[in-house]
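Novice: after the sequence you'll find the predicted model.
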Amino acid sequence: MKSPDLLKETAEILEEVEERIRNLNSLSPRKKQNALNQIREAKENFRKMASEVVIDNDELASFFLKRANKLKNSTNDKTIEKLGEKTYMKDVEAMYKYSKAAPYDFAGYMKYVNRGYKAYVWGMVSFFVVTAFLPLEFKITSLILLIPIILSLLSLRKRGYSGLMLAFAAIPIPLITGALALRAYMEVFINPTALQEAAQGLGVSTSTAQLIAGVMVLFGIAEVFLLSYAIYMFYKHRHAFL
C-alpha cells in the first residue's frame, strides 16, 4: 500500500511547517499559537494514521501531501502578507480538519458514521409515521421539517458539514414530538375517555383504536431511541464531516 508512506511524508512536511511557523512575524501572537497547535496535532494525526491504514486510498493521501506542500510553501512572511492572515489560517485549519477526518477514509471508521446515518433515516421515518394520527399542528410541523430533513440526508451522504448542522437542528423537534406522542398514545390504554375519543375520531372500534395506538407507541419508542442514537453518533464522529 502506498497510503502509509504518503501519510508519513505528509506528517514530515507538516513538521517543517511547524518549524517555519515558529519563525513567522506576520501572524499575531494568538493566531501564531493557534496555527502551531493545529499543525502540531495534524502532524501527529497523520503520523498515527500511517500505522493504522486498513483501506489504501493513495489518491486521497496524495491530495493531503500536495496540500501539506502547498502550506509549507506559503508559510513565510512574504506570502502570508500577500495572501492575508485570514486566508493563511483557513489553509491551516483545512489541514487540521483533513487530519481529523483521515481515520474515516483510511481506518474504516465510516462504518460508525453509517450506523448513525441509518438510525437517523429510520428515526425520521418513525417520526412521520407517529405524526400521522396526531392533531393537525403536528402534521404541519412534520411538513415544515420535511425539506430540511431531506437536505440533511443528501448532504450527510456526501459527508457535508452543512448536512450535519441541519441534522442537529432538525432532530430536537422530532425527539420532543416522539415523547409527546408516546404520552398521547399511552393515554388511549389508560384513559377510557381518551380511548373512546380516539375510536370516534378515527371512525373505528375501540379495539382497533387500541391496536393503532399500540403500533404508534412502538414507532414512538423507535423514534426516540433511533434519533437519540443518531445525534450521539453524529456528534461523536463529527470530524468525519467536512
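Specialist: Noted; the coordinates are in hand.
Novice: which intervals of this protein have sub-threshold pLDDT?
Specialist: Counting by pLDDT under 70, the chain has no low-confidence residues at all.
Novice: ranges for the helices of this protein?
Specialist: 3-22, 29-50, 58-74, 77-83, 85-106, 110-130, 136-157, 161-170, 172-190, 192-202, 206-236 (DSSP state H).
Novice: could I get those helices as TSV with mean neighbour count and distance to Leu242?
Specialist: In short, each C-beta sits where N, CA and C put it, glycine included. As requested, those are arranged in TSV below (neighbours: other C-beta atoms under 10 Å; distance: least, C-beta to C-beta, whole Å):
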stretch	mean neighbour count	distance to Leu242
helix 3-22	20	17
helix 29-50	18	14
helix 58-74	18	12
helix 77-83	13	21
helix 85-106	19	6
helix 110-130	19	12
helix 136-157	15	11
helix 161-170	18	6
helix 172-190	17	24
helix 192-202	14	47
helix 206-236	18	14
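Novice: give me the contact list for stretch 109-121.
Specialist: Taking contacts as C-beta atoms under 8 Å, 6 or more residues apart in numbering, the residues outside stretch 109-121 that touch it are 103-104, 153, 156-157, 159, 167, 171, 226-227, 229-230, 232-234, 236-237, 240.
Novice: contact partners for the nearest residue to Glu18 once chain neighbours are set aside?
Specialist: Spatial nearest neighbour of Glu18, excluding adjacent residues (C-beta to C-beta, 6 or more residues apart in numbering): Ile39 at 4.9 Å. Ile39 makes contact with 14, 17-18, 21, 92, 95-96, according to C-beta under 8 Å, 6+ apart.
Novice: try it again with 6 Å
Specialist: Ile39 sits next to 14, 17-18 when contact means C-beta atoms under 6 Å, 6 or more residues apart in numbering.
Novice: need the contact list for the residue of the chain most remote from its centre.
Specialist: Relative to the average C-alpha location in the chain, and by C-alpha atoms, centre = their mean, no residue lies farther out than Ser205, which sits at 44.4 Å. Under the criterion of C-beta under 6 Å, 6+ apart, Ser205 has no contact partners.
Novice: so how far is Ala194 from it?
Specialist: Ser205 sits 15 Å away from Ala194, taking C-beta to C-beta, to the nearest Å as the criterion.
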